[in-house]
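Participant: I'd like to go over a predicted model; first the sequence, then the structure.
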Amino acid sequence: DAKTTQPNSMESNEEEPVHLPCNHSTISGTDYIHWYRQLPSQGPEYVIHGLTSNVNNRMASLAIAEDRKSSTLILHRATLRDAAVYYCILRETSGSRLTFGEGTQLTVNP
Amino acid sequence: DTAVSQTPKYLVTQMGNDKSIKCEQNLGHDTMYWYKQDSKKFLKIMFSYNNKELIINETVPNRFSPKSPDKAHLNLHINSLELGDSAVYFCASSRFAPIGTDTQYFGPGTRLTVL
């Protein structure tokens, strides 16, 4: 799987939007962009995924650059419960496994 | 109802022992996985089964043996435990065999400590 680069950590204030960046300059045309998060002492949890177009769901939005070399996970109003490690992962269309990198540790301040 | 469950939650044992971790999913999924998260928090896939058939087998010591009695269960047996086996082990499941669009659902993890 192609490599992703994320900041080690980010901070946000409660009820403010958070933009978590991910660079994936070697992405191929068939790679999907997935985001998972891991809350403290829990298993990873799916957040969102996309291919080319921006995506929204009840948890977050995913903004994908036009050249697909970067993407941004957007939490519209951070809550304390959103404090977690966020992983940006590229997956090929067929037969690929989830390869977790180091992720971004998000701290949400009250 | 818990979607993916693991037992036990904590496991403390001596070096050289043999132990098993059990995983069950009630989502009706075809594929199950075992991941290992070490002390540095890196998550790495170990095995994957699709309809009871092994489809992913990473470079894992053969002391680790997965067993899938049916597609709702995937157990992990570890022989001759070593200190380096101490980690958190996560089970996961997905509806289909690993593809670019599937979503994996993870269990709560089993923290294994080898003394």
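Facilitator: That came through, no problem.

Participant: mind listing what the residue of chain A found nearest chain B touches?
Facilitator: Nearest residue of chain A to chain B (C-beta to the nearest C-beta) works out as A:Gly43 at 3.1 Å. For the C-beta atoms, the positions are set from N, CA and C on the backbone; glycine is no exception. Residues near A:Gly43 by C-beta atoms under 8 Å, 6 or more residues apart in numbering or on different chains: B:Val4, B:Phe90, B:Ala92, B:Phe106, B:Gly107, B:Pro108, B:Gly109.

Participant: can we see that at 6 Å?
Facilitator: Listed by C-beta atoms under 6 Å, 6 or more residues apart in numbering or on different chains, the contact partners of A:Gly43 are B:Phe90, B:Phe106, B:Gly107, B:Pro108, B:Gly109.

Participant: go on, B:Ser80?
Facilitator: The contact partners of B:Ser80, by C-beta under 6 Å, 6+ apart, come to B:Gly16, B:Arg63.

Participant: So what does it look like in phi/psi?
Facilitator: Main-chain dihedrals, B:Ser80, degrees, to the nearest 10: phi 50, psi 60.

Participant: Count the residues that sit near the closest residue to A:Asn13 other than its chain neighbours.
Facilitator: In this structure, A:Asn13 finds its nearest non-sequential neighbour in A:Asn109, 5.1 Å apart by C-beta to C-beta, 6 or more residues apart in numbering or on different chains. As a burial measure, A:Asn109 scores 11 neighbours (other C-beta atoms under 10 Å in any protein chain shown).

Participant: who's the residue in chain B that chain A sits nearest to bridged to?
Facilitator: Residue nearest to chain A within chain B (C-beta to the nearest C-beta): B:Phe106, separated by 3.1 Å. Using DSSP bridges, the bridge partners assigned to B:Phe106 are B:Ala92.

Participant: Neighbours of it, how many?
Facilitator: Residues lying near B:Phe106 (other C-beta under 10 Å) number 23.

Participant: next one: A:Ser41
Facilitator: Residues near A:Ser41, counting by other C-beta under 10 Å, number 9.

Participant: Just the endpoints, please. Distance across stretch A:74-92?
Facilitator: 23 Å (C-alpha to C-alpha, to the nearest Å).

Participant: meant to ask about stretch B:97-105
Facilitator: Start-to-end span of stretch B:97-105 (C-alpha to C-alpha) is 13 Å.

Participant: so how far is B:Asp38 from the residue nearest to A:Asn13?
Facilitator: A:Asn109 sits 29 Å away from B:Asp38, going by C-beta to C-beta, to the nearest Å.

Participant: before we move on, what about A:Asp82?
Facilitator: 25 Å.

Participant: just to revisit the earlier point, could I get the contacts of A:Gly43 in a markdown table, plus columns for pLDDT?
Facilitator: Listed next are those as a markdown table, based on pLDDT from 0 to 100:
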| residue | pLDDT |
| --- | --- |
| B:Phe90 | 97 |
| B:Phe106 | 97 |
| B:Gly107 | 97 |
| B:Pro108 | 96 |
| B:Gly109 | 97 |
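
Participant: center of chain B, which residue is that?
Facilitator: Central residue of chain B (C-alpha atoms, centre = their mean): B:Trp34, 2.8 Å from the mean position.
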